[in-house]
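Asker: The amino acid sequence is not available; the structure is as follows:
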């Protein structure tokens, strides 16, 4: 079995796959950059135990991280649990992805994995939205090259900023009544603004990106908040919840 770890700014996802790339289980934790290797190992082992998986049978592992302080702790945790030194997505690792941006070294591991994962399943060109701490957009051209994208504040960052800067606006969740467009109280107005506003942003950016990439461009969304927003979009968007983990898995096999 192969273990993948996707360390994001908000959440960390631990996944285990069979050698023929079938998912065994996936667990999501809140990312804590202060965690030690022992704490990380305990967390990973608990998740595996709950899902009935013995990590000693893991044959390989790979880490994708946008939180550099956690990479060492995660590597040591995996080594303690499996006896394996995991691969880390970054400079020097084979991805098979042609990255055509100004500085290829700054391409985030999560964006690279998501692009590789998408190219395993879909024909380019494509647009990939990742709705997490930040909302990122990746453009893949007809040749399958990563040509750039866009970055904007994520939904929770936007909500936190709004509530902390406006004394009369409370902290809220992101659950929106499916038929609501015009809010009639403060909380509903905030919800329609943040959810439908982001859905409209996605629709608008799709149209603008397609002017460059072509109207036959596939649109894919991943990230913790993808389902919350995409269901309100009037454009056709495919949700791939585990795209980064699947991309990391594909990269593992490219290097083995």
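Answerer: Yes, it's here. Note that this is a predicted model, so its numbers are computed, not measured.

Asker: which residues of the stretch 151-256 of the chain fall in helices?
Answerer: Here the stretch 151-256 of the chain has its helices, by DSSP state H, counting those that start in this stretch, at 155-165, 186-191, 197-213, 226-230, 243-254.

Asker: Give the buried residues for the fourth one.
Answerer: Residues of helix 226-230 classed as buried under the neighbour-count rule (16 or more other Cβ atoms under 10 Å) are 226, 228-230. The way it works is simple: take the backbone N, C-alpha and C, and place the C-beta from them, glycine included.

Asker: One more: the third one?
Answerer: By neighbour count with 16+ other Cβ under 10 Å, helix 197-213 contains the buried residues 198-199, 201-203, 205-206, 209-210, 213.

Asker: Stretch 142-160 now?
Answerer: 144-149, 154-159.

Asker: tell me the contacts of residue 118?
Answerer: Contacts for residue 118 (Cβ atoms under 8 Å, 6 or more residues apart in numbering) come out as 126, 128, 140, 218, 220, 240, 243, 247.

Asker: and what of residue 229?
Answerer: So residue 229 contacts 131, 155, 195, 198-199, 202, 221 (Cβ under 8 Å, 6+ apart).

Asker: Next up, phi/psi of the most far-flung residue of the chain relative to its centre, please.
Answerer: Largest separation from the mean C-alpha position in the chain: residue 184, at 33.5 Å (Cα atoms, centre = their mean). Here is the backbone geometry of residue 184 (degrees, to the nearest 10): phi -120, psi 10.

Asker: so what pLDDT did it get?
Answerer: Listed pLDDT for residue 184 reads 82.

Asker: Then the one 10 residues further on?
Answerer: At residue 194, the model reports a pLDDT of 89.

Asker: Surely it is in contact with residue 159?
Answerer: Yes: using Cβ atoms under 8 Å, residue 194 is in contact with residue 159, at 5.8 Å.

Asker: what residues are shared contacts of the two?
Answerer: By Cβ under 8 Å, 6+ apart, the residues touching both residue 194 and residue 159 are residue 174.

Asker: Now do the buried residues in stretch 231-239.
Answerer: 232-233, 237-238.

Asker: follow-up on the earlier one: could you redo the buried residues of helix 226-230 as JSON lines and give each row distance to residue 19 and pLDDT?
Answerer: Below are those laid out as JSON lines (distance: Cβ to Cβ, whole Å; pLDDT from 0 to 100):
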{"residue": "226", "distance to residue 19": "28", "pLDDT": "90"}
{"residue": "228", "distance to residue 19": "34", "pLDDT": "87"}
{"residue": "229", "distance to residue 19": "35", "pLDDT": "91"}
{"residue": "230", "distance to residue 19": "32", "pLDDT": "92"}
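
Asker: so who does the residue most central in space within the chain touch?
Answerer: Geometric centre of the chain, nearest residue: residue 223, 4.2 Å, by Cα atoms, centre = their mean. Residues near residue 223 by Cβ under 8 Å, 6+ apart: 129-132, 135.

Asker: just the residues you listed: which has the poorest pLDDT?
Answerer: residue 132 (88).

Asker: which residues sit in contact with that residue?
Answerer: 8-11, 110, 154, 223-225.

Asker: could you redo the last one with a cut-off of 10 Å?
Answerer: 8-11, 66, 110, 154-157, 222-226, 244 (Cβ atoms under 10 Å, 6 or more residues apart in numbering).

Asker: Farthest-apart pair in those residues, please.
Answerer: Among those, the pair separated by the greatest distance (Cβ to Cβ) is 157 and 244, at 19.0 Å.

Asker: hey, where'd the helices end up in the stretch 1-150 of the chain?
Answerer: 37-50, 69-82, 109-121.
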